[in-house]
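Engineer: Starting from these lines, generate the structure:
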Amino acid sequence: MRLILKAAAACVTALSLSQAAHAAPQLLGVVATVAPLKFECEGGLCRADVSTFCMQSERETPDRHQSYRAHNPDVFRVVASTADGNLVRVALEDAQFRSERGYTATRVQIQTKWLAMQGLTPVGLEVDKGGVLVPMPLIGDANPIKPGEVEYAMTSLQPVAEKIFKKHGVNYEATQIVNRVLNEIPARGRLAKNDRANLWQNTFDETARESVGAAMHRAADVVGYCQVRTKHGRFFSVRRCLEQRLDGMLMNINTDYWKAVQPGF
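Structural biologist: A predicted model of the protein is given here:
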């Protein structure tokens, strides 16, 4: 139990001493998408937030806007619309990755110019399973990512994470659905009253009652909770509430992962 609590503390709280020494933060595993995450586009940039998880309890949680790179960029694809309205998938290019809420969310941002040159308009982002994000090196890093560290994460830690995801089944699938809904909401400001009330239907083209499956029902409960709490003034926006609830769901799954990779378990 001590090892588990120690791991959780390492992932959730960044120690000031380590920050002062500029130690590299943890590698992040990327949660696969079940449907494209909607891009929010403005001024030649498009962005979407992917769910991530802490792969290394021994390293510190990333600060907000910590820069990362994709170790295996081929797991990411841009869904884009052609001039005649057809959808195509293209490899992700010219992307920036920055941690958004500790280890549970990373913002992926792309330039749109390279897509426009091909006559394409970005629509959303797809992610396959197995993605790993590596922190960009810092000048004076006292504990950088070492040779072989990423490979170990890919071959030894990622398979454990996949087993934990399967173990959590419904709740894991619900995190994927909730994150899809979250990306339907602008990162700034608040939804109009009607958009807030019809958020589920606007996302899935069906009401929550019409949705089928335990994971959809679990996700609908989370969205409904946030709609009510925001309506009553408990949260500034549905998005802020969904971020909090989603982070909690991911942390619960991550705790089982930390336990699974501890020696002796």
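
Engineer: what about Tyr172, how many neighbours?
Structural biologist: For Tyr172, the neighbour count with other Cβ atoms under 10 Å is 18. Bear in mind the C-beta positions are built from the backbone N, C-alpha and C, glycine included.

Engineer: Nearest residue to it in space, ignoring adjacent ones along the chain?
Structural biologist: Phe165 (4.6 Å; Cβ to Cβ, 6 or more residues apart in numbering).

Engineer: what about the helix or strand where Val79 lies, distance to the chain center?
Structural biologist: In the assignment (DSSP states H and E), Val79 maps to strand 76-81. Relative to the centre of its chain, strand 76-81 is centred 17 Å away, using Cα atoms, centre = their mean, to the nearest Å.

Engineer: Also stretch 62-78?
Structural biologist: Using Cα atoms, centre = their mean, the offset of stretch 62-78 from its chain centre is 10 Å.

Engineer: for the strand holding Val79, packing partners?
Structural biologist: Judged by 3 or more Cβ pairs under 8 Å, 6 or more residues apart in numbering; DSSP states H and E, the packing partners of strand 76-81 are strand 87-91, strand 121-127.

Engineer: Could you pull out the strands in this structure for me?
Structural biologist: 28-30, 37-38, 40-42, 45-54, 67-70, 76-81, 87-91, 95-99, 105-111, 121-127, 131-135 (DSSP state E).

Engineer: Spell out which strands sit alongside the fourth one in the sheet and which way each one runs.
Structural biologist: Going back to what we said before, that points to strand 45-54. Here strand 45-54 is paired, per DSSP bridges, with strand 28-30 (antiparallel), strand 40-42 (antiparallel), strand 105-111 (antiparallel).

Engineer: Buried residues, that strand. List them.
Structural biologist: Cys46, Arg47, Ala48, Asp49, Val50, Ser51, Thr52, Phe53, Cys54 (16 or more other Cβ atoms under 10 Å).

Engineer: got it, and the third one?
Structural biologist: Within strand 40-42, the residues that count as buried by 16+ other Cβ under 10 Å are Glu40.
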